[in-house]
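Visitor: A predicted structure for the sequence below; I have some questions about it.
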Amino acid sequence: MPIEGSWPRRWAPALPAVLLVLVAGAQMTLAHTSALSPWKGGGFGMFSTLDARPFRYVRVYVTAPERSEELAVPGSLEDAAAAVAVLPTAAQLERFARAVAARELSHGRPVDLVRVEVWREEFAAGSLAPSTRILRQWAHRVAD
Amino acid sequence: MWLTRPADDASLLALPLRLTLIHLLLRPMGPWPVRAAMLGLAAAGLLSSRVLVAPATWLAFAGLVGVRLVVEWPLPDNHIYLLAYWCLAAAIALAGPGARPALARSSRALIGLAFACAIVWKAGLAPDYLDGRFFRVTLLTDDRFADAARLIGGLSEQQLQADRRYLTALPEGAELLDPPRLVEPRRLRLLAWAATWLGLAMESALAVLYLVPGGGRWETLRHLALLSFCAVTYALAPVAGFGWLLLVMGLAAAGRGRRLLDGAYVAAFLLVLAYSEVPWAGAVLSLWPGSGN
């Protein structure tokens, strides 16, 4: 039996388009308020800006007694790092920093502090001269 | 049960639905449980007409794509969202009376709105699109555009590598003794300009054509514009999945079946497949090494 009744018959077909508009509106808001990359989130901002990976990237530093170094993002955390670069909210940064700390400790390496930086590379209009700046940074102190 | 018994005219939608299943088989997606379920369901839909037109099939696809979007958020590309909307639209249309006109309306709205959002970003919100920076930098730095930058833009491999060094930011305060210069041949600037402005013009036209109602010549224009967009854009843009989805929706947006139109959309679907699997620009460059400059 097909969907019956005047209300669902009339409005149900509009649901996908309504969802598209709502998600796109939320994406544009998040891009403005939370630095969501315009390429992601369902707002159809792909191929419109350089504000995306690889021109957004994550740098990770760990500190402990007799240790202070920058880490290469390990393969197991690449997706998490990509998510942080795309949407660098406090919650995402904290989750990523905790994952880095847990990985270091599981490998028997001491860690007191994890610092995460999200960088953005920009290009000057005309000359395309490159420059970089920190978009977000976060520090996670590892509990004893 | 409306979930398994489709509308009377559901069989008229078989072609766009089948092409969607081929798209899903060509580009498996998501974490393994989602991927396995989608591949199994897609294969079942291709083998059984009953499964193909059952609203439950498309509701399941919409749910599975939705799960992928949630699990991998915020990383999925925009066409994955569009795929979820399209599967939901198919389920709703197949469950109601008059599946074909219902899905045609939904498809037109989804295509028009997707392009309208793209225009909002390109022309309004993005600071580096209209001044050409986006395509100037992308053509030089994105490996997927490198062959086109050499073949159409006239860059040599050495110039491309030098330009990439120029576009790599140095640590703060650092300075090179012999800094590279940016080399942009006239053809490359022209390619970036065309990609910027023709892209914007085509997407604006598509948004208007699909959002403003109209039949007859207006509908013919819609199909011509969408087919041209896909034939041109996906020769360079490395997102075949988006192209296939637009073509499937464009086909479903046609009010009634016409052999010529069906054939044109299937041909365009295969053309996008060829673009994605045949590195045509690289092949031309290797056959005629001098063709890039």
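Guide: Yep, it's here.
Visitor: near chain A, which residues of the stretch 101-250 of chain B show up?
Guide: Taking CB under 8 Å from any CB of the partner chain as the contact definition, the stretch 101-250 of chain B meets chain A at B:102, B:105-106, B:109-110, B:113-115, B:117-118, B:120-122, B:125-129, B:131, B:133-134, B:136-138, B:141, B:166-169, B:172, B:182, B:199, B:237, B:239. The C-beta positions use only the backbone N, C-alpha and C, and glycine is treated the same way.
Visitor: 6 Å instead, please
Guide: B:102, B:106, B:109, B:113-114, B:117-118, B:121-122, B:126, B:128-129, B:131, B:133-134, B:137, B:167, B:169, B:182 (CB under 6 Å from any CB of the partner chain).
Visitor: my guess is residue B:207 contacts residue B:115, does it?
Guide: Yes: between residue B:207 and residue B:115 there is a contact at 3.9 Å, judged by CB atoms under 6 Å.
Visitor: Out of those two, name the residue with the larger neighbour count.
Guide: Counting neighbours by other CB atoms under 10 Å in any protein chain shown for residue B:207 and for residue B:115 shows that residue B:115 has the greater number, 24 against 20.
Visitor: So what touches the helix or strand hosting residue B:232?
Guide: When secondary structure is defined by DSSP states H and E, residue B:232 falls within helix B:217-236. Under the criterion CB atoms under 6 Å, 6 or more residues apart in numbering or on different chains, residues B:148, B:202, B:205-206, B:209, B:243, B:247, B:250, B:264, B:268, B:272, B:275 lie in contact with helix B:217-236.
Visitor: just the buried members of the residues of the stretch 101-250 of chain B next to chain A?
Guide: Applying 16 or more other CB atoms under 10 Å in any protein chain shown to these, the neighbour count classes B:102, B:106, B:109, B:113-114, B:117-118, B:121-122, B:126, B:128-129, B:133-134, B:137, B:167, B:169 as buried.
Visitor: Which pLDDT value belongs to residue B:216?
Guide: We note a pLDDT of 86 for residue B:216 in this prediction.
Visitor: count of residues packed around it?
Guide: Using other CB under 10 Å, residue B:216 is surrounded by 7 other residues.
Visitor: With chain A as the reference, measure out to it.
Guide: Per CB to the nearest CB, to the nearest Å, residue B:216 is found 23 Å from chain A.
Visitor: Over to that residue: give its phi and psi.
Guide: Reported as degrees, to the nearest 10, the phi and psi values for residue B:216 are phi 60, psi -120.
Visitor: Ok, residue B:97 next?
Guide: phi -80, psi 150.
Visitor: where are the low-confidence patches of the stretch 51-200 of chain B?
Guide: In the prediction, the stretch 51-200 of chain B carries residues with pLDDT under 70 at positions B:173.
Visitor: For it, which segments count as helices?
Guide: Listed in chain order, the helices of the stretch 51-200 of chain B (DSSP state H, counting those that start in this stretch) span B:55-72, B:78-95, B:99-119, B:133-141, B:146-151, B:157-166, B:186-211.
Visitor: same thing with chain A?
Guide: A:6-11, A:15-34, A:78-86, A:90-106 (DSSP state H).
Visitor: So for the shortest one, mean pLDDT?
Guide: The reference is to helix A:6-11. Rounded to a whole number, the mean pLDDT of helix A:6-11 is 72.
Visitor: swap in the second one?
Guide: Mean pLDDT, taken over the full extent of helix A:15-34, equals 97.
Visitor: can I get the CA coordinates of that helix in PDB?
Guide: In PDB, the C-alpha atoms belonging to helix A:15-34 read as follows (Å, rounded to 0.1, in the frame of the first residue of the first chain):
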ATOM      1  CA  LEU A  15      12.000  16.200   2.900                       C
ATOM      2  CA  PRO A  16      15.300  15.500   1.100                       C
ATOM      3  CA  ALA A  17      15.500  19.100  -0.200                       C
ATOM      4  CA  VAL A  18      14.600  20.500   3.300                       C
ATOM      5  CA  LEU A  19      17.400  18.400   4.800                       C
ATOM      6  CA  LEU A  20      19.800  19.700   2.200                       C
ATOM      7  CA  VAL A  21      19.000  23.300   3.100                       C
ATOM      8  CA  LEU A  22      19.200  22.700   6.800                       C
ATOM      9  CA  VAL A  23      22.500  20.900   6.600                       C
ATOM     10  CA  ALA A  24      24.000  23.500   4.300                       C
ATOM     11  CA  GLY A  25      22.800  26.200   6.600                       C
ATOM     12  CA  ALA A  26      24.400  24.500   9.600                       C
ATOM     13  CA  GLN A  27      27.600  24.000   7.600                       C
ATOM     14  CA  MET A  28      27.900  27.700   6.700                       C
ATOM     15  CA  THR A  29      27.300  28.600  10.300                       C
ATOM     16  CA  LEU A  30      29.900  26.200  11.500                       C
ATOM     17  CA  ALA A  31      32.400  27.400   8.900                       C
ATOM     18  CA  HIS A  32      31.800  31.000  10.300                       C
ATOM     19  CA  THR A  33      31.800  30.200  14.000                       C
ATOM     20  CA  SER A  34      34.000  27.100  14.400                       C
END
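Visitor: So which elements touch it?
Guide: Helices and strands touching helix A:15-34, by 3 or more CB pairs under 6 Å, 6 or more residues apart in numbering or on different chains; DSSP states H and E, are helix B:78-95, helix B:99-119.
Visitor: Could you see whether chain A lies near the shortest one?
Guide: Meaning helix B:78-95. Yes: counting by CB under 6 Å from any CB, chain A is contacted by helix B:78-95 at B:78, B:81, B:85, B:88-89, B:92, B:95.
Visitor: now the angle from that helix to helix B:99-119?
Guide: For the pair helix B:78-95 and helix B:99-119, the angle between their directions (axes from the mean of the first three to the mean of the last three CA atoms, to 10 degrees) equals 160 degrees.
Visitor: Now find how far off-centre helix B:78-95 is within its chain.
Guide: Remark: helix B:78-95 is offset 15 Å from the chain centroid, using CA atoms, centre = their mean, to the nearest Å.
Visitor: same question, the last one
Guide: Here helix B:99-119 is found 14 Å from its chain centre; the criterion is CA atoms, centre = their mean.
Visitor: same check, this time on stretch A:17-25
Guide: 21 Å.
Visitor: ok so, going back, among the contacts of helix B:217-236, which two are most distant?
Guide: B:148 and B:209 (27.1 Å; CB to CB).
Visitor: Quick check: which ranges of chain A have low pLDDT?
Guide: Per-residue confidence of chain A (counting by pLDDT under 70) places the weak regions at A:1-8, A:144.
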